[in-house]
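Engineer: starting from these lines, generate the structure:
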Amino acid sequence: MPPEHTTIGQLAQIVELIENNPWEPVLTTKSRMFLIFRKKLTSAFFGTLQCLAAHSKDMPSSLKKDILRAGGSDNDLARKAMRRVIREIRKDPTQRYLMGTSQAVDIVNGGVKG
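Structural biologist: I've put the predicted structure just below:
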């Protein structure tokens with residue numbers, strides 16, 4: 001009697017599980033290079049957001065304020081502002097994937113059917 005689920009069926013369930021539970025995006029003000037060089041380097045994406053906040057005429061003022069506060073020195077205020085920025089960016093797929101990555105499975109390497 002054949003098994004209820006083949007290996008391919010089990011793999012499909014795993015892929016579905018991965019794609020239906022995306023990672024939470026992380027946005028930081030510091031570049032990963034900060035860890036290597038110990039210099040104050042801003043993450044590229046956050047730097048871009050700060051530039052947009054400073055110069056965009058189309059960005060909502062509340063988002064502008066949050067982006068600028070997120071890079072500030074008041075840790076509690078910055079943390080809360082950063083959460084709001086992440087929440088807003090996640091709404092727009094064109095921006096969300098600049099901040100994080102998708103979890104789309106696009107390569108499956110199978111073995112030999114025996």
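Engineer: what is the burial count for residue 96?
Structural biologist: Per other C-beta atoms under 10 Å, the neighbour tally for residue 96 reads 16. C-beta coordinates here come from the backbone N, C-alpha and C atoms, glycine included.
Engineer: surely it meets residue 86?
Structural biologist: No: with contact defined as C-beta atoms under 8 Å, residue 96 and residue 86 do not form a contacting pair (9.4 Å).
Engineer: between these two, what contacts are shared?
Structural biologist: Contact criterion C-beta atoms under 8 Å, 6 or more residues apart in numbering; residues shared by residue 96 and residue 86: residue 25.
Engineer: what segments of the protein are helices?
Structural biologist: Per DSSP state H, the chain carries helices over the ranges 7-19, 33-37, 44-55, 61-70, 75-90, 93-99.
Engineer: dump those helices to TSV, plus distance to residue 107.
Structural biologist: Below are those laid out as TSV (distance: least, C-beta to C-beta, whole Å):
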stretch	distance to residue 107
helix 7-19	11
helix 33-37	29
helix 44-55	26
helix 61-70	35
helix 75-90	26
helix 93-99	18
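Engineer: highest average neighbour count across these?
Structural biologist: Highest mean neighbour count of those: helix 61-70, a mean of 17 (counted as mean count of other C-beta atoms under 10 Å).
Engineer: just give me how far that helix sits from the chain centre.
Structural biologist: From the chain centre to the centre of helix 61-70 is a distance of 18 Å (C-alpha atoms, centre = their mean, to the nearest Å).
Engineer: between it and helix 44-55, what angle do the directions make?
Structural biologist: With axes from the mean of the first three to the mean of the last three C-alpha atoms, to 10 degrees as the basis, helix 61-70 and helix 44-55 are set at 130 degrees to each other.
Engineer: what lies in contact with helix 61-70?
Structural biologist: Contact with helix 61-70 is made by 27, 29, 46, 49-50, 52-54, 56, 77-78, 81-82, 84-85, 88, as judged by C-beta under 8 Å, 6+ apart.
Engineer: for stretch 84-99, same thing?
Structural biologist: Under C-beta under 8 Å, 6+ apart, the answer for stretch 84-99 is 25-27, 45, 48-49, 63, 66-67, 70.
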